Structure formats: structure tokens, C-alpha cells
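Q: Got a predicted structure here, sequence first:
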Amino acid sequence: MTSVESLSFEEALSALEGIVRDLETGKAPLEDSIAAYERGVALKQHCEKKLREAQSKIEKITLGADGKPAASAHEL
């Protein structure tokens with residue numbers, strides 16, 4: 001199984017969606033469901049971390065004193 005930390009946001013989100021689909025069927029044995037749930041939690045946390053990192057890189061467009069648009073780093 002691939003380490004969660006090595007996954008891109010898209011890979012982690014896809015894996016998380018697959019786990020949710022599998023858990024929703026209710027067909028997996030209890031122990032497998034628990035393991036899948038634990039991996040899902042790790043994937044969710046990884047996705048949230050990646051989103052926070054992306055948000056911190058977003059530039060906010062503001063108007064400068066001269067009335068012209070100016071880009072500034074925007075921390076959310």
C-alpha cells in the first residue's frame with residue numbers, strides 16, 4: 001500500500017472516494033472496514049493539509065494606493 005504522504009492531492013482524494021464507496025456497500029468484513037476507515041482518516045487529513053498549503057499560496061488581488069490592482073500573498 002502506498003504511503004499517504006507520498007500521494008498527490010488528486011491521488012489521495014481518489015483513494016478516499018474509493019474507500020467511501022467500499023464502506024457504503026457494507027460488504028467488507030469488520031476488520032477490513034476498520035482498516036479502510038483508518039486509512040480514510042489519514043487520507044482525509046492529507047487532503048486537508050494539501051488544501052491548506054494551496055490556500056497559503058493563493059495571491060489576493062487588491063487595489064494599491066494608486067488605484068491599480070496589486071498582488072499580495074494571502075494567508076488564509
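A: Structure's in. What do you need? Numbers count the residues shown, from 1 in each chain.

Q: Thought residue 32 was touching residue 23, still the case?
A: No: using Cβ atoms under 8 Å, residue 23 is not in contact with residue 32; the gap is 9.7 Å. (Glycine included, C-beta is placed from N, CA and C.)

Q: Which of these two has more residues huddled nearby?
A: residue 23 (15 against 12; other Cβ atoms under 10 Å).

Q: List the buried residues for the helix or strand harbouring that one?
A: Using DSSP states H and E, residue 23 falls within helix 9-25. Of all the residues in helix 9-25, those buried under the rule 16 or more other Cβ atoms under 10 Å are 12, 13, 15, 16, 19.

Q: what about the chain, any weak spots by pLDDT?
A: 58-64, 71-76 (pLDDT under 70).

Q: What ranges does it have for its helices?
A: For the chain, the helices defined by DSSP state H cover 9-25, 30-57.

Q: any chance of the ones you listed in a markdown table, with distance to residue 67 too?
A: Below are the helices of the chain laid out as a markdown table (distance: least, Cβ to Cβ, whole Å):
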| stretch | distance to residue 67 |
| --- | --- |
| helix 9-25 | 37 |
| helix 30-57 | 26 |
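
Q: now the spatially most central residue of the chain, nearest residue through space, not along the chain?
A: Computing the C-alpha centroid of the chain and ranking residues by Cα atoms, centre = their mean puts residue 47 first, at 1.6 Å. Leaving out its chain neighbours, the residue that sits closest to residue 47 by Cβ to Cβ, 6 or more residues apart in numbering is residue 12, at 5.1 Å.

Q: Residue 36 versus the one you found, what's the distance?
A: Going from residue 12 to residue 36 by Cβ to Cβ, to the nearest Å gives 14 Å.
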